[in-house]
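**Q** Below: sequence and its predicted model.
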Amino acid sequence: APDADEACALAPKARADVILLDIECCGIDVIARVGEECKAPVLALASQCDAAKRVRAVHAGARGIVLKQDSSETIRKALRKVKEGELWLDRLTTSQVLRGLIPTLQALERPAKGRIANLTSRESDIVRALVGQDGASGRALAARLRISEQTLRNHFSSIYRKLGIPNRVGLVAYASRHRLDGVG
(Lines give C-alpha, C1' and ligand atoms only; values in the text may rest on other atoms or scores of the structure.)
Protein backbone atom coordinates (compact mmCIF):
# COMPACT_ATOMS: atom_id res chain seq x y z
CA ALA A 1 0.00 0.00 0.00
CA PRO A 2 1.38 3.43 -0.87
CA ASP A 3 0.07 5.22 2.23
CA ALA A 4 -1.47 4.80 5.69
CA ASP A 5 -5.11 5.00 4.63
CA GLU A 6 -4.74 2.38 1.94
CA ALA A 7 -2.72 0.12 4.29
CA CYS A 8 -5.55 0.30 6.83
CA ALA A 9 -8.14 -0.40 4.14
CA LEU A 10 -6.23 -3.36 2.66
CA ALA A 11 -5.17 -5.03 5.92
CA PRO A 12 -8.50 -6.68 6.86
CA LYS A 13 -9.15 -7.81 3.26
CA ALA A 14 -5.71 -9.36 2.79
CA ARG A 15 -6.17 -12.15 5.38
CA ALA A 16 -2.39 -12.08 5.81
CA ASP A 17 -0.42 -14.12 8.30
CA VAL A 18 1.87 -11.14 8.95
CA ILE A 19 1.71 -7.56 7.75
CA LEU A 20 5.00 -5.98 6.72
CA LEU A 21 4.51 -2.26 7.19
CA ASP A 22 6.95 0.44 6.09
CA ILE A 23 6.85 2.91 8.98
CA GLU A 24 8.66 5.61 7.00
CA CYS A 25 5.93 5.50 4.38
CA CYS A 26 2.89 4.92 6.61
CA GLY A 27 3.96 6.21 10.03
CA ILE A 28 4.06 4.55 13.41
CA ASP A 29 0.45 5.35 14.34
CA VAL A 30 -0.72 3.10 11.50
CA ILE A 31 0.60 0.06 13.38
CA ALA A 32 -2.13 0.42 16.00
CA ARG A 33 -4.78 1.20 13.36
CA VAL A 34 -3.88 -1.88 11.34
CA GLY A 35 -3.83 -3.94 14.54
CA GLU A 36 -7.41 -2.88 15.25
CA GLU A 37 -8.54 -3.74 11.71
CA CYS A 38 -7.08 -7.24 11.44
CA LYS A 39 -5.61 -9.93 13.64
CA ALA A 40 -2.36 -10.41 11.75
CA PRO A 41 0.76 -9.26 13.61
CA VAL A 42 2.70 -6.32 12.22
CA LEU A 43 6.38 -6.48 11.34
CA ALA A 44 7.65 -2.92 10.92
CA LEU A 45 10.03 -2.15 8.09
CA ALA A 46 12.31 0.79 8.81
CA SER A 47 15.35 2.48 7.45
CA GLN A 48 18.21 2.92 9.86
CA CYS A 49 16.07 4.89 12.30
CA ASP A 50 16.90 5.74 15.87
CA ALA A 51 16.14 3.34 18.71
CA ALA A 52 13.44 5.65 20.10
CA LYS A 53 11.45 5.35 16.88
CA ARG A 54 11.74 1.55 16.98
CA VAL A 55 10.58 1.53 20.61
CA ARG A 56 7.56 3.70 19.66
CA ALA A 57 6.76 1.16 16.94
CA VAL A 58 6.83 -1.67 19.50
CA HIS A 59 4.64 0.33 21.88
CA ALA A 60 2.23 0.90 19.00
CA GLY A 61 1.95 -2.87 18.57
CA ALA A 62 4.69 -3.97 16.16
CA ARG A 63 5.75 -7.54 16.88
CA GLY A 64 9.10 -6.95 15.26
CA ILE A 65 11.32 -4.51 13.41
CA VAL A 66 13.42 -5.20 10.34
CA LEU A 67 15.60 -2.72 8.53
CA LYS A 68 15.40 -2.03 4.81
CA GLN A 69 19.08 -2.84 4.53
CA ASP A 70 18.60 -6.30 6.14
CA SER A 71 19.11 -9.25 3.81
CA SER A 72 16.06 -10.86 2.24
CA GLU A 73 16.92 -14.00 4.22
CA THR A 74 16.78 -12.03 7.50
CA ILE A 75 13.45 -10.45 6.55
CA ARG A 76 11.98 -13.86 5.62
CA LYS A 77 13.18 -15.29 8.94
CA ALA A 78 11.67 -12.33 10.83
CA LEU A 79 8.34 -12.81 9.00
CA ARG A 80 8.35 -16.52 9.90
CA LYS A 81 9.21 -15.89 13.57
CA VAL A 82 6.57 -13.15 13.96
CA LYS A 83 4.01 -15.44 12.31
CA GLU A 84 4.92 -18.11 14.91
CA GLY A 85 4.21 -15.62 17.69
CA GLU A 86 7.74 -14.54 18.52
CA LEU A 87 9.12 -11.02 18.70
CA TRP A 88 11.83 -9.93 16.27
CA LEU A 89 13.80 -7.07 17.81
CA ASP A 90 17.42 -6.05 17.72
CA ARG A 91 19.30 -5.89 21.01
CA LEU A 92 19.23 -2.11 21.29
CA THR A 93 15.44 -1.95 20.82
CA THR A 94 14.91 -4.82 23.25
CA SER A 95 17.12 -3.06 25.80
CA GLN A 96 15.21 0.22 25.39
CA VAL A 97 11.80 -1.49 25.70
CA LEU A 98 12.86 -3.36 28.85
CA ARG A 99 14.50 -0.27 30.33
CA GLY A 100 11.19 1.54 29.88
CA LEU A 101 9.34 -1.24 31.70
CA ILE A 102 11.53 -1.28 34.80
CA PRO A 103 10.07 1.88 36.41
CA THR A 104 6.55 0.59 35.73
CA LEU A 105 7.31 -2.76 37.31
CA GLN A 106 8.92 -1.08 40.31
CA ALA A 107 5.91 1.19 40.72
CA LEU A 108 3.62 -1.83 40.68
CA GLU A 109 5.67 -3.57 43.37
CA ARG A 110 5.95 -0.57 45.72
CA PRO A 111 2.34 -0.38 46.75
CA ALA A 112 2.08 -4.17 47.18
CA LYS A 113 2.70 -3.93 50.93
CA GLY A 114 -0.01 -1.31 51.25
CA ARG A 115 -2.46 -3.45 49.31
CA ILE A 116 -1.61 -6.50 51.41
CA ALA A 117 -2.23 -4.47 54.58
CA ASN A 118 -5.77 -3.76 53.30
CA LEU A 119 -6.74 -7.42 53.57
CA THR A 120 -8.97 -8.33 56.49
CA SER A 121 -7.82 -11.12 58.79
CA ARG A 122 -10.39 -13.46 57.21
CA GLU A 123 -9.12 -12.60 53.72
CA SER A 124 -5.58 -13.29 54.93
CA ASP A 125 -6.77 -16.68 56.22
CA ILE A 126 -8.24 -17.42 52.81
CA VAL A 127 -5.00 -16.51 51.03
CA ARG A 128 -3.04 -18.77 53.40
CA ALA A 129 -5.52 -21.61 52.86
CA LEU A 130 -5.36 -21.19 49.10
CA VAL A 131 -1.56 -21.21 49.06
CA GLY A 132 -1.51 -24.20 51.44
CA GLN A 133 -3.92 -26.15 49.25
CA ASP A 134 -2.92 -24.95 45.79
CA GLY A 135 -5.21 -26.63 43.32
CA ALA A 136 -7.98 -27.31 45.83
CA SER A 137 -11.51 -26.85 44.58
CA GLY A 138 -13.66 -24.01 45.84
CA ARG A 139 -15.82 -26.57 47.64
CA ALA A 140 -12.83 -28.12 49.45
CA LEU A 141 -11.43 -24.71 50.36
CA ALA A 142 -14.81 -23.51 51.65
CA ALA A 143 -15.22 -26.68 53.70
CA ARG A 144 -11.76 -26.25 55.23
CA LEU A 145 -12.59 -22.64 56.12
CA ARG A 146 -16.10 -23.60 57.30
CA ILE A 147 -17.84 -21.11 55.03
CA SER A 148 -20.16 -21.48 52.06
CA GLU A 149 -18.80 -21.52 48.53
CA GLN A 150 -20.68 -18.27 47.84
CA THR A 151 -19.04 -16.59 50.83
CA LEU A 152 -15.67 -17.84 49.59
CA ARG A 153 -16.37 -16.37 46.13
CA ASN A 154 -17.32 -13.06 47.76
CA HIS A 155 -14.06 -13.04 49.72
CA PHE A 156 -12.08 -13.86 46.57
CA SER A 157 -13.74 -10.97 44.73
CA SER A 158 -12.75 -8.61 47.52
CA ILE A 159 -9.17 -9.96 47.62
CA TYR A 160 -8.81 -9.67 43.83
CA ARG A 161 -10.05 -6.09 43.93
CA LYS A 162 -7.78 -5.07 46.81
CA LEU A 163 -4.68 -6.68 45.31
CA GLY A 164 -5.44 -5.82 41.68
CA ILE A 165 -5.44 -9.46 40.63
CA PRO A 166 -7.83 -10.99 38.06
CA ASN A 167 -8.23 -14.58 39.29
CA ARG A 168 -7.09 -17.46 41.51
CA VAL A 169 -4.08 -18.30 39.36
CA GLY A 170 -2.96 -14.68 39.64
CA LEU A 171 -3.56 -14.76 43.39
CA VAL A 172 -1.40 -17.86 43.86
CA ALA A 173 1.39 -16.26 41.81
CA TYR A 174 1.04 -12.98 43.73
CA ALA A 175 1.02 -14.82 47.07
CA SER A 176 4.14 -16.75 46.13
CA ARG A 177 5.93 -13.64 44.87
CA HIS A 178 5.10 -11.68 48.02
CA ARG A 179 5.38 -14.63 50.40
CA LEU A 180 1.81 -14.32 51.58
CA ASP A 181 1.67 -17.80 53.02
CA GLY A 182 2.29 -16.05 56.33
CA VAL A 183 -0.12 -13.13 55.69
CA GLY A 184 -1.88 -11.55 58.64
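**A** Arrived safely. Just so we're clear, the structure is a prediction, and the values are computed from it rather than from any experiment.
**Q** Any idea which helix or strand in this structure has the lowest mean pLDDT?
**A** Lowest mean confidence among the helices and strands of the chain (mean pLDDT, DSSP states H and E): helix 112-117, at a mean of 70.
**Q** any low-confidence regions in the chain?
**A** 104-114, 134-135, 180-184 (pLDDT under 70).
**Q** Now do the residue located most distally from the centre of it against residue 160, distance only.
**A** Among the residues of the chain, the one whose C-alpha is farthest from the average of all C-alpha positions is residue 146, by CA atoms, centre = their mean at 36.9 Å. Using CB to CB, to the nearest Å, we find residue 146 at a distance of 22 Å from residue 160. Heads up, the C-betas are built off the backbone N, CA and C, glycines and all.
**Q** What of residue 90?
**A** Using CB to CB, one gets 38 Å for the distance from residue 90 to residue 160.
**Q** And residue 35, by the same measure?
**A** Here the distance between residue 35 and residue 160 works out to 29 Å (CB to CB).
**Q** can you check residue 87 too?
**A** According to CB to CB, residue 87 stands 30 Å off from residue 160.
**Q** again, but for residue 3
**A** Taken as CB to CB, the span from residue 3 to residue 160 is 45 Å.
**Q** list the buried ones in whichever strand or helix holds residue 53?
**A** Secondary-structure assignment from DSSP states H and E places residue 53 in helix 51-60. Within helix 51-60, the residues that qualify as buried are 53-58, 60, counting by 16 or more other CB atoms under 10 Å.
**Q** Just the residues contacting that helix, thanks.
**A** Residues from elsewhere that reach helix 51-60 (CB atoms under 8 Å, 6 or more residues apart in numbering): 23, 28-29, 31-32, 35, 44, 46, 65, 89-90, 92-93, 96-97, 100.
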